[in-house]
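>>> Just need the structure, nothing else, for what follows:
(chains A and B)
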Amino acid sequence: MAMPPQPTAPAAHKSTARGGGRRGFFAKAVAIVVGGMVTVFPFTAGLAVFFDPLRKKSRRDKSILVTSLDAVPKDGTPRKFAVIADRQNAWNYFPKEPIGAVYLRRVSDSDKVEALNVICPHAGCFVGFSPQRKEYLCPCHTSAFAIDGELISGPSPRGLDTLRCEVRDIDGRQEVWVTFEDFYTGTAEKKAKA
Amino acid sequence: MKSLAAWLEDRTGVGSLLRAALYEHVPGGARWRYVWGSTLVFAFFVQMVTGVFLWMAYSPSGDSAWESVYFIQYHLQGGWLLRGLHHYMAQAMVVLLALHLMQVVIDGAYRAPREVNFWLGLVLMKIVLGLSLTGYLLPWDEKGYWATRVATNLMGVVPLVGEKLQALVVGGNEYGSYTLTRFFALHAGVLPALLVFFLVLHVALFRRHGLTVKQPLRRPDATFWPDQILKDAVACLAVLVVVLLLIVRPVLSGQHAIAEVTAAAHPGDYLGADLGAPADPASQYSAARPEWYFLFLFQFLKLFSGYGERGELMGAIVIPGAVMLLLFLMPLVGRWKLGRGFNIGLLGCLLLGIVLLTGQAFWDDNLARWVAKPAVPEGNQPTEKQQQSLARYEASRSYLQAVEESEETAARARELAGGLGIPPQGAISLLRGDPKTQGPKLFATHCATCHSYEDPLGRGMKPQEVSASNLYGFASRVWLAGLLDPKRIITPAYFGATKHKEGEMVGFITGEDFAKVSPADREKIVMALSAQAHLASQKDADAADAAAIAAGTELIKKKIGCIDCHRFESEGELGSAPELTGYGSREWLTGMISNPDHERFYKDRNDHMPAFAPSDNPANNRLSGHDVQLLADWLRGDWYPPHAGGGE
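Model (predicted):
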């Protein structure tokens, strides 16, 4: 149905082709407009669906209970915890499923806890903590991060992403709550994903 | 720019190809009767575009097909429009195909040298019908699932290879994920590729032979561009408009107001193609019908219903095959002097037959809407004719009822999927665990042979011969007020149809002692007893009447004499009458249904209620523990959304 730019008709057809001039122009214009409309329409409906992921979604920034304070090593060694939350995966709904992981670390023997996202801000690989080197190492491009997440070496544009984290006293139990967010990778600026 | 065009032309020849396409000779000028082929190409183009976009969100598997279509229809922006286009354009394509065929036959366009192209057209028709058939299954809803089962089962009657053929199409003996992946590959891969291949040949031969010109020529010759293209484009627009009207039909027909639809978060709730309830192989569906354009085949097959396997073979394979053969022979038949007339007559008869059969199928299914139940004079033995018309009426009524139930289930599936989210086992698990859906079915099968379940307007279920109480609103205040009413306890709605009619409870309620209890105290007793059930529908009332309930509780324990037979909280003994502690609660009902002979309930005074799950070993029980709980929850009106239950 695609309407090409109008080439000049061969001379042989000119004598037979009905209505040159104004009438012919009108027919051509209407044919292009109507033909164009019916051609574009199914794409419009398809592209509306295709672009659905760009619609504004509410941001996931609820605070999540990750563990009790007792489970975080007292000597300040980071430990990895799964983050459990309800997850909507396209059409399926998974209640209470692991949606990611965080490293939790007590700050200088206190009850203050620091949380780091396990995702490397360079290209999004899953970093691991090396107890021997006391560093976080990225398996993909060998970025290394200090125990507090500061970048030591490697191509990462920023240190590991810290997450908002607080210790709440609930009926005498010390609970660690983390606001779990994912961030865009590859940029020096830390920007949360919607 | 010019030199670029010249370079491209030199290297590819695309310009002259385009010119050849656009300036095709149209003897006698452009005409409306030449548009049908183009509208078919357009319809196929729309199916390709919308199909590929649907593909991006569709997941062909037993526990995700319905779910992903639900996601497209109700959650993705414009999904309802995309699906609606694909669904209704498929139907438009079948209509256009019939029109195209009619036109070719009427004009005798199959005659030399166009025989091969006619055959190619018939092959294309088969492919399009194959696309319809495979596409109908993909949403994995009740309609598509059962219609496809019927269609594929018919393959089984093909001699020798039938069973193997069926297993190949279905992907084994079971309908499931492997059926879907195979159908999807056919629908989105094999068949479209074949269609494109044959379409290219079809169009190439059409170009080679030119239009079959309708004589006499009315106007001077013209070229394809722009006159015929203009007419084609307008015809395509008309097709598109019809399809769009079908998509927004619920608004046009006044079923929903425009304001309601535009204000809705998901227009898919109102517009576009239907999505039935998720397929459930374990539940009966009496409305299995093919899509309307295959309905004539369905009806045709009914004509052979009395002739067993041989009849099936004739009706499903041999005769339709013979008709296809006659269509293929048209170009050869057309060589004879009277051949063209014969062909037109054949097609006319065929179309007339299709229209009549379709109409008959439609009438058979819907006649109970329009005609009254055939009356048989009382006392007379119905004649054979009367029996037949009665049977037809009943068949139609059961079809219409199945359609209605299916629509309700579909709406319920949507409600549950939207409210609770779809678990990874699929939406069917929501329905299977839903008391509102399963309760009536379980009740009808296991309880309604004795118990009725009728609301005050007489709607609900009623056995032919009532021999137990009406459980509508069981343990609610209204229900208990009737039980403690001397006039009503002896009606069939309570103990009237049981041996308890002569029992101690009836004696007590109709006796002198209870007559002395003041109406206000009776009301308090009813409130107190009903509060034991913790019914969702009475939550607010129970909270508001806490004082009266406390007073009623004291009356039951101390004054009225209930505890002479019943146990209630710390008072009374078990064994002679049902326990009143937790009366009507989920736990109480579950126990009662499981085993009424237990000492907490009727023990040896049980009239004739069977124990549905008395054993610890589930294999020995009539009902699973899950089913018993579904029944209990349904009787209590306890289902999603909370507090919306209908016990009262």
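>>> The closest residue to chain A within chain B and B:L137, how far apart?
Of all residues in chain B, B:G421 sits closest to chain A, at 2.5 Å by Cβ to the nearest Cβ. For glycine as for every other residue, the C-beta is placed from the backbone atoms N, C-alpha and C. Distance, B:G421 to B:L137, by Cβ to Cβ, to the nearest Å: 25 Å.
>>> Those two: which has the busier surroundings?
Between B:G421 and B:L137, counted using other Cβ atoms under 10 Å in any protein chain shown, B:L137 has the larger neighbour count: 27 against 17.
>>> Run through the neighbouring helices and strands of the longest strand along chain A.
Within chain A, and with DSSP state E defining each element, the longest strand by residue count is strand A:92-106. Applying 3 or more Cβ pairs under 8 Å, 6 or more residues apart in numbering or on different chains; DSSP states H and E, we find strand A:92-106 packed against strand A:63-68, strand A:79-89, strand A:113-117, strand A:173-179.
>>> what about stretch B:281-301, start to end distance?
This stretch, stretch B:281-301, spans 24 Å end to end (Cα to Cα, to the nearest Å).
>>> Other residues contacting it?
Applying Cβ atoms under 8 Å, 6 or more residues apart in numbering or on different chains, the contact partners of stretch B:281-301 are B:91, B:94-95, B:132-133, B:136, B:142-143, B:145-147, B:149-151, B:154, B:175, B:312, B:315-316, B:319-320, B:353-354, B:357-358, B:360-362, B:364-365, B:398-399, B:401-403, B:406, B:441.
>>> overlap between those residues and the residues near chain A?
With Cβ under 8 Å from any Cβ of the partner chain as the criterion, these include none near chain A.
>>> In ChimeraX, how would I select the buried members of those?
Selection of buried members from the contacts of stretch B:281-301 for ChimeraX, criterion 16 or more other Cβ atoms under 10 Å in any protein chain shown:
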select /B:91,94,132,133,136,142,143,145,146,147,149,151,154,175,312,315,316,319,354,357,358,360,361,365,399,402,403,406,441
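>>> Point out the ones among the contacts of stretch B:281-301 that are inside helices.
Among the contacts of stretch B:281-301, the members falling in helices (DSSP state H) are B:91, B:94-95, B:132-133, B:136, B:142-143, B:145-147, B:149-151, B:154, B:312, B:319-320, B:353-354, B:357-358, B:360-362, B:364-365, B:398-399, B:401-403, B:406, B:441.
>>> low-scoring stretches of the chain, by residue?
As the question left the chain open, I've gone with chain A. Low-confidence regions of chain A, defined by pLDDT under 70, span residues A:1-20, A:58-60, A:109.
>>> wait, chain B
Short version for chain B, where the test is pLDDT under 70: B:643-648.
>>> try it again with 80
Flagging of chain B using pLDDT under 80 yields the residue ranges B:1, B:265, B:376-380, B:642-648.
>>> residues in contact with A:R79?
Counting by Cβ under 8 Å, 6+ apart, A:R79 touches A:A71, A:V72, A:P73, A:Y103, A:L104, A:R105.
>>> if we can go back for a sec, my guess is the residue of chain B closest to chain A contacts A:N92. True?
Yes - with contacts counted by Cβ atoms under 8 Å, B:G421 reaches A:N92, the gap being 7.5 Å.
>>> In chain A, which residue sits closest to chain B?
A:Y93 (2.5 Å).
>>> give me the number of residues near that residue?
Neighbours around A:Y93, by other Cβ under 10 Å: 16.
>>> How much space separates it from A:T179?
Counting by Cβ to Cβ, the gap from A:Y93 to A:T179 is 22 Å.
>>> before we move on, what SS does B:A57 have?
coil (DSSP: H, G, I helix; E, B strand; the rest coil).
>>> who touches it in this structure?
A:V49, A:A90, B:S68, B:F71, B:I72, B:L76, B:G79.
>>> Can you mark which positions in stretch A:164-176 are buried?
So, applying 16+ other Cβ under 10 Å, buried residues of stretch A:164-176: A:C165, A:V167, A:Q174, A:E175, A:V176.
>>> The last one: what's it in contact with?
If I follow you right, that is A:V176. The contact partners of A:V176, by Cβ under 8 Å, 6+ apart, come to A:L65, A:V66, A:T67, A:S68, A:L69, A:V72, A:L104, A:V113, A:A115, A:C165, A:E166, A:V167.
>>> The first one contacts A:W177, doesn't it?
Yes - in this structure, A:L65 sits in contact with A:W177. The criterion is Cβ under 8 Å, and the distance is 5.5 Å.
>>> which stretches of chain A form strands?
Under DSSP E, chain A gives strands at A:63-68, A:79-89, A:92-106, A:113-117, A:128-130, A:135-137, A:144-145, A:151-153, A:162-163, A:165-170, A:173-179.
>>> Just name the most buried of those.
strand A:113-117 (a mean of 22; mean count of other Cβ atoms under 10 Å in any protein chain shown).
>>> That one to strand A:173-179, inter-axis angle?
Inter-element angle recorded for strand A:113-117 and strand A:173-179: 30 degrees (by axes from the mean of the first three to the mean of the last three Cα atoms, to 10 degrees).
>>> Just the residues contacting strand A:113-117, thanks.
Residues from elsewhere that reach strand A:113-117, judged by Cβ under 8 Å, 6+ apart: A:66, A:69, A:72, A:78, A:100, A:102-107, A:136, A:148-149, A:160-167, A:176, A:178, A:180-183.
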